[in-house]
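# make a model of this:
(one chain, ligands or ions: 1)
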Amino acid sequence: MRCPFCGHSDTSVKDSRTTDDQAAIRRRRICSECGSRFTTFERIQLRDLMVVKKNGEHVPFDREKLVRSVSSAMQKHSLDPDKIERIVSSIVRQLETSGETDISTHVIGEMVMRSLFNLDPVAYVRFASIYKDFANVHDFIDCISLMEQQSKETNIDKQAHIEPNN
Ligand SMILES: [Zn+2]
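Coordinates of the predicted model:
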């Protein structure tokens, strides 16, 4: 980035960190020519986020598509727009603050799985079956066993956090 004081094109980043609201990356820069210091903020605009598909194709991030994909994992009777909105917003926020502009479908899939895991276990298994392309019933059994195991571990964690206060 060009120095705003002397116009020299070689400035370096001294340190970079996310802002308190996690919505931007703040970089402190220094000009190697005149020694001036200045700060830049890097924010991601959603329309510039690109999704890298399995076949390597880059397509613009489509929020609505993510909503449809999460909705399709939910059972009709438990389809809750607020719940879906919370999941999608949280994922989008994470993408916005990740600092990456090219996001693989794999990363997004894993994020959806993580969000569904605690919120809606049935939707989690349904989503996993599509996303991981389950071939037979054993894949379902493996997925559910893993889920039970992880939820046990989570409960142990919760207890460990609660105990010191009791
Ligand atoms: Zn300069």
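# next, the contact list for residue 142, please.
By CB atoms under 8 Å, 6 or more residues apart in numbering, no residues touch residue 142. All C-beta spots, glycine's among them, are computed from the backbone N, C-alpha and C.
# ditto for residue 121
residue 147.
# can you tell me how far it is from residue 143?
10 Å (CB to CB, to the nearest Å).
# then residue 11?
Taking CB to CB, one finds residue 11 at 50 Å from residue 143.
# which of those two has more neighbours?
Neighbour count, other CB atoms under 10 Å: between residue 11 and residue 143, residue 11 has more, with 23 against 17.
# just to be sure, residue 86 is in a helix?
Yes. Applying DSSP: H, G, I helix; E, B strand; the rest coil, one finds residue 86 inside a helix.
# i'd like the first residue to be 11 from this point on
Got it, the first residue is 11 from now on, which makes the last one we talked about residue 96.
# what about residue 25, is that helix, strand or coil?
Assignment for residue 25 (three-state DSSP): strand.
# does residue 111 really touch residue 61, like I thought?
No. Counting by CB atoms under 8 Å, residue 61 is not a contact partner of residue 111; they are 10.3 Å apart.
# give me the more crowded residue out of these two.
Neighbour count, other CB under 10 Å: between residue 111 and residue 61, residue 61 has more, with 19 against 12.
# what residues are bridge-paired with the more buried one?
Beta bridges link residue 61 to residue 69, residue 113 when assigned by DSSP bridges.
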